[in-house]
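1. Give me a 3D structure for the following:
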Amino acid sequence: MRVPPDHAGVEALLTREARARLPLRHQFLLYLDPFAFFKDATTGTDRSREQALSYNVERRSILLTYARRWLLIALASFLGIASAEALAAHVPLFIIPAAGFGIGCSISVAVAAWSGAAYLLLGTQAVRR
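-> All right, here's what the predicted structure looks like:
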């Protein structure tokens with residue numbers, strides 16, 4: 001999802017009513033995108049960048065939820081690898097789902113690590129203030 005430049009859409013997404021009005025596909029993307037609720041602090045005037053950074057620091061706890069979510073997805077994918085490999089011992093065609101679960105597990109771990117790193121980096125911004 002693209003965030004509008006005025007950041008009004010980001011703040012509106014924090015309300016349950018606004019998210020309920022979105023199509024199911026957008027709700028699913030919000031469920032998986034750890035940075036959808038954050039503002040872009042790299043563009044605009046100095047004042048707008050400072051406000052966006054302050055907004056992001058205040059809402060950094062959202063990233064812990066996403067890190068846990070993606071670690072759970074990684075765990076489920078890892079268990080999928082094990083079960084698919086056990087089936088592949090009898091039917092070699094099951095190695096394909098095992099590879100898919102492996103890719104999913106790798107991506108999930110990377111997104112969880114990325115969310116955790118962003119949480120820590122936003123924490124250092126909170127300490128500087």
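2. Could you check how many residues crowd around the closest residue to residue 125 other than its chain neighbours?
-> Excluding the flanking residues, the one nearest residue 125 by C-beta to C-beta, 6 or more residues apart in numbering is residue 57, at 5.1 Å. To be clear about C-beta, it is placed using only N, CA and C from the backbone, and glycine gets the same treatment. Here the number of neighbours of residue 57 (other C-beta atoms under 10 Å) works out to 19.
3. repeat for residue 101
-> 20.
4. Helix, strand, or coil at the residue nearest to it when sequence neighbours are not counted?
-> Leaving aside its sequence neighbours, residue 101 sits nearest to residue 80 (C-beta to C-beta, 6+ apart; 3.7 Å). At residue 80 the chain is in helix, as set by DSSP: H, G, I helix; E, B strand; the rest coil.
5. Residue 80 - how many residues pack around it?
-> For residue 80, using other C-beta under 10 Å, the count is 17.
6. Could you do residue 105 as well?
-> Applying other C-beta under 10 Å, we find 19 other residues in the vicinity of residue 105.
7. If you count residues, where's the longest helix of this structure?
-> Counting by DSSP state H, the longest helix found in the chain is helix 95-128.
8. buried set for that helix?
-> For helix 95-128, the neighbour count (16 or more other C-beta atoms under 10 Å) marks 97-98, 101-102, 104-105, 108-109, 111-112, 114-116, 118-119, 122 as buried.
9. coming back round to it: pretty sure the residue nearest to residue 101 sits against residue 94.
-> No. Taking contacts as C-beta atoms under 8 Å, residue 80 lies outside contact range of residue 94: 10.9 Å.
10. Which residues are in contact with each of the two?
-> Common neighbours of residue 80 and residue 94, using C-beta atoms under 8 Å, 6 or more residues apart in numbering, do not exist here.
11. hmm, back to that, closest to residue 29 among the buried residues of helix 95-128?
-> Nearest to residue 29 among those is residue 111, at 13.1 Å by C-beta to C-beta.
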